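> build me a model from this:
(one chain, ligands or ions: 1)
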Amino acid sequence: MFPEKIEKAFDLMEQAIQLLKGSLDTSFLDAYIENGENILDSYQVRVLDGVPDEQTVQQLEALYQQLQAIELTPEEIRRLSQLILLKGSKTEVLQANHQLTPDSIGFLFVYLIEQLFNSKQELKILDIASGMGNLLLTVLLNLNLADYQAQGIGVDIDDTLLAVSATNNEWTNAAIQLFHQDGLQDLLIEPVDIAISDLPIGYYPNDEKAQGFDSAAETGHSYAHHLLMEQAMKFVKPDGYGLFLVPSNILETEQSEFFKNWLQKNVYLQGMIQLPDELFKSEQSRKSILFVQNKGEASTQAEVLVAKLGSLKDPAKITQFFQQFEAWKSSNLK
Ligand SMILES: C[S@@+](CC[C@H](N)C(=O)[O-])C[C@H]1O[C@@H](n2cnc3c(N)ncnc32)[C@H](O)[C@@H]1O
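The predicted structure follows:
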């Protein structure tokens, strides 16, 4: 159940987005961005060449007046945005590789990061395929609530998804820097403590670029998720971590030998956490969180954690996983 004020804000935001969508004759995501930009511009409706018309402007202003009166925390704003984006993507179907990462998975990332960095420290976090940014924002805001000083860096190849993310980041005052580019091209990023990502699954079309990577296929197109993981870990400090949402069969595909080339040479594979079957429609679409660590003076190969989360809805099963992770951590991580 969501607090009444979130339900009210949801209703107002949805009406405003629908009005903009109709009057600008645009897609749901573009209307979402336009609405966000109006909100950030002190709730003023932007009019270009007489669009939206006077009547729509008045309706929007009335909605914004009510919305402005609702006090929302940054995490409440994020939840609100996420609900609206989820509802919107039901009417305008997004391809699987563009969908936002659900909160249930985001909160698991938060738990794992808190376990890996248990002192309340400054943390720089990179998401190399950050899309609409729900995963990165969930992690960042919830780490801040737990007294970490977290800063994020997001990279994505799709400008519309990044614009959604930019709006949400600004509205929640989140310290996130965004880069619009192909994550496999040269990136100007300072070293980070941890890389996270819900990676796009499929082939990367630029074979020439792929050849510079240890995980590249010998012939033909390489898997983008292998290359992006390798690339992200290049920006992680020695001994730093990577947590990536990947297909559960990543170690058993026709390209896994290339992926293992990279794994063995560059990082320690410390764990693989299989997510509950209930989250996925088919066996092929099941995902796991792959947990790697960069080599460095303070890290060694641990006994690999192989865990399966029974459910994200059953508190007993979640507690069971937390106990398993914490027991593994105390005997395996320095
Ligand atoms: C599953 S989505 C990420 C969802 C995101 N975590 C969220 O919560 O909104 C995967 C993203 O990978 C991006 N992507 C695909 N190829 C890419 C590339 N070469 N470089 C950077 N991003 C890429 C897509 O545009 C998409 O936004």
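> before we move on, which element is the residue nearest the centre of the chain in?
With distances taken as Cα atoms, centre = their mean, Leu135 lies nearest the centre of the chain, 2.7 Å away. Leu135 belongs to helix 134-145 when elements are defined using DSSP states H and E.
> packing partners of the next helix or strand after that helix?
Counting by DSSP H and E, the next helix or strand C-terminal to helix 134-145 is strand 149-156. Using 3 or more Cβ pairs under 8 Å, 6 or more residues apart in numbering; DSSP states H and E as the contact test, the elements touching strand 149-156 are strand 122-127, helix 134-145, helix 159-171, strand 176-180. For glycine as for every other residue, the C-beta is placed from the backbone atoms N, C-alpha and C.
> nearest to Ser285, of the ones you listed?
helix 134-145 (17.5 Å; Cβ to Cβ).
> mind listing what's buried in the closest one?
Residues of helix 134-145 classed as buried by neighbour count (16 or more other Cβ atoms under 10 Å): 134-144.
> again with stretch 256-272
256, 258-263, 267-272.
> give me the mean pLDDT for it.
Here stretch 256-272 scores 97 as its mean pLDDT.
> of all of the stretch 1-150 of the chain, which residue lies closest to the ligand?
The minimum distance from the stretch 1-150 of the chain to the ligand, using Cβ to the nearest ligand atom, falls at Gly131 (2.8 Å).
> same thing with the stretch 201-334 of the chain?
For the stretch 201-334 of the chain, Cβ to the nearest ligand atom, closest residue to the ligand: Ala224, 5.6 Å.
> that residue: what's it in contact with?
If you count contacts by Cβ atoms under 8 Å, 6 or more residues apart in numbering, Ala224 has them with 184, 199-204.
> return a ChimeraX selection command for the buried portion of these.
Listed next is the ChimeraX selection for buried residues among the contacts of Ala224, using 16+ other Cβ under 10 Å:
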select :184,199,200,201,204
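> so which of the contacts of Ala224 comes closest to Arg286?
Nearest member of the contacts of Ala224 to Arg286, counting by Cβ to Cβ, is Ile201, at 11.8 Å.
> for Asp156, see how far away the closest one is.
Using Cβ to Cβ, to the nearest Å, one gets 15 Å for the distance from Ile201 to Asp156.
> about what we covered before: relative to Leu85, how far out is the closest residue to the residue of the stretch 1-150 of the chain closest to the ligand other than its chain neighbours?
Leaving aside its sequence neighbours, Gly131 sits nearest to Leu161 (Cβ to Cβ, 6 or more residues apart in numbering; 4.6 Å). To Leu85, Leu161 is 10 Å away according to Cβ to Cβ.
> and these two? which has more neighbours close in?
Set Leu161 next to Leu85 and count neighbours by other Cβ atoms under 10 Å: Leu161 wins out with 22 against 19.
> quick one, what contacts that one?
Here Leu161 is in contact with 29, 98, 131-133 (criterion: Cβ under 8 Å, 6+ apart).
> which one of those has the most neighbours?
Met132 (30 neighbours).
> and it, what are its phi and psi?
Phi and psi for Met132, reported as degrees, to the nearest 10, are phi -80, psi 0.
> could you export the host helix or strand of Ile17 as PDB, CA atoms only?
Per DSSP H and E, Ile17 falls inside helix 4-24. Provided in PDB are the C-alpha atoms of helix 4-24 (Å, rounded to 0.1, in the frame of the first residue of the first chain):
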ATOM      1  CA  GLU A   4      -2.500   8.500   0.300                       C
ATOM      2  CA  LYS A   5      -0.400  11.400  -0.800                       C
ATOM      3  CA  ILE A   6       1.500   9.200  -3.300                       C
ATOM      4  CA  GLU A   7      -1.700   8.000  -4.700                       C
ATOM      5  CA  LYS A   8      -2.900  11.600  -5.100                       C
ATOM      6  CA  ALA A   9       0.300  12.700  -6.700                       C
ATOM      7  CA  PHE A  10       0.200   9.700  -9.000                       C
ATOM      8  CA  ASP A  11      -3.200  10.600 -10.200                       C
ATOM      9  CA  LEU A  12      -2.300  14.300 -10.800                       C
ATOM     10  CA  MET A  13       0.900  13.400 -12.600                       C
ATOM     11  CA  GLU A  14      -0.900  10.900 -14.800                       C
ATOM     12  CA  GLN A  15      -3.500  13.400 -15.800                       C
ATOM     13  CA  ALA A  16      -0.900  16.000 -16.600                       C
ATOM     14  CA  ILE A  17       1.100  13.500 -18.700                       C
ATOM     15  CA  GLN A  18      -2.000  12.400 -20.600                       C
ATOM     16  CA  LEU A  19      -2.900  16.000 -21.300                       C
ATOM     17  CA  LEU A  20       0.600  16.700 -22.700                       C
ATOM     18  CA  LYS A  21       0.700  13.500 -24.700                       C
ATOM     19  CA  GLY A  22      -2.600  14.500 -26.400                       C
ATOM     20  CA  SER A  23      -1.800  18.100 -27.000                       C
ATOM     21  CA  LEU A  24       1.800  17.600 -28.100                       C
END
